[in-house]
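Asks: no FASTA, just this:
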Ligand SMILES: N[C@@H](CCC(=O)N[C@@H](CS)C(=O)NCC(=O)O)C(=O)O
């Protein structure tokens with residue numbers, strides 16, 4: 001007879017979201033990570049977060065997920081995977097035309113507004129010191145300046161390659177402000193991008209709108225966001241729903 005030992009419990013494998021971890025008063029400094037996390041919350045799929053996975057990222061970027069051995073990199077492919085694997089329709093109830101508009105807003109944030117934010121955070125010295133420089137605090141002091149210089153050079157190259165980095169600071173701000181105005185005008189008095197219920201694109205649009213607000217970054221983009229009461233209310237509504245711990249107390253600014 002075998003003596004009973006500690007009770008064996010089967011723990012179901014849990015999906016892991018690889019993230020940077022909260023920063024700048026945001027759920028994550030990366031809006032793409034925030035988008036992926038909101039999608040997981042929307043889908044109701046249990047997950048845990050791991051902030052140590054950057055070096056093993058399949059595409060060299062975060063986010064990615066590991067779902068019981070299935071690795072999926074890139075927030076949009078994570079969305080498509082969740083739709084397929086968990087039979088979720090993030091855009092349920094939307095017409096094909098509405099789905100198209102939602103997709104276009106999402107991609108405007110990811111492939112346009114994002115680069116203006118990268119420029120504001122990395123190319124302005126004061127903003128860099130107040131934000132991204134902190135990512136490298138864990139690097140050994142002797143090589144830290146080299147690592148920082150290398151990353152800044154890479155970011156500058158990416159901005160140039162995208163095209164955003166070829167514009168002046170004022171021109172970049174002008175483009176970002178136009179993006180924010182488009183979102184605010186389209187939201188108008190709707191609670192969410194496409195109406196009464198959040199859809200898939202809200203995960204991204206919220207993540208990028210929220211990323212405009214951290215007070216530590218002195219940018220015309222933040223000023224423009226703060227001047228749009230509809231955007232502030234939208235950011236707060238989404239925070240309340242998906243990150244109540246980060247939402248401002250009623251009547252207070254975040
Ligand atoms: N298309 C990707 C973009 C992800 C992305 O750009 N992640 C950035 C953080 S915002 C990153 O990991 N950058 C690290 C690097 O490029 O070395 C997605 O949707 O997930």
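Replies: Everything's here; your move. Predicted model only: the values in this text are computed from it and were never measured.
Asks: list the contacts of the residue most central in space within the chain.
Replies: Most central in the chain under CA atoms, centre = their mean is residue 31, positioned 1.5 Å from the mean C-alpha point. Residue 31 makes contact with 109, 114, 117, 204, 207-208, 210-211, according to CB atoms under 8 Å, 6 or more residues apart in numbering. For every residue, glycine as well, the C-beta is placed using N, CA and C.
Asks: and the ligand, which of the residues you listed reach it?
Replies: The subset of the contacts of residue 31 within reach of the ligand, by CB under 6 Å from any ligand atom, is empty.
Asks: now residue 187: closest residue in space that isn't a chain neighbour?
Replies: residue 230 (5.3 Å; CB to CB, 6 or more residues apart in numbering).
Asks: the one you found against residue 190, yeah?
Replies: No. Residue 230 is beyond contact range of residue 190, at 9.1 Å (criterion: CB atoms under 8 Å).
Asks: and the end-to-end length of stretch 122-134?
Replies: 12 Å (CA to CA, to the nearest Å).
Asks: same question for stretch 225-232.
Replies: End-to-end distance of stretch 225-232 (CA to CA): 7 Å.
Asks: relative to residue 105, how far out is residue 159?
Replies: 22 Å (CB to CB, to the nearest Å).
Asks: residue 200 reaches residue 91, doesn't it?
Replies: Yes. With contacts counted by CB under 8 Å, residue 200 reaches residue 91, the gap being 5.3 Å.
Asks: which of these two has more neighbours?
Replies: A count of neighbours by other CB atoms under 10 Å puts residue 200 above the other of residue 200 and residue 91, at 28 against 18.
Asks: quick one: contacts for the more buried one?
Replies: So residue 200 contacts 39, 42, 79, 90-91, 102, 106 (CB under 8 Å, 6+ apart).
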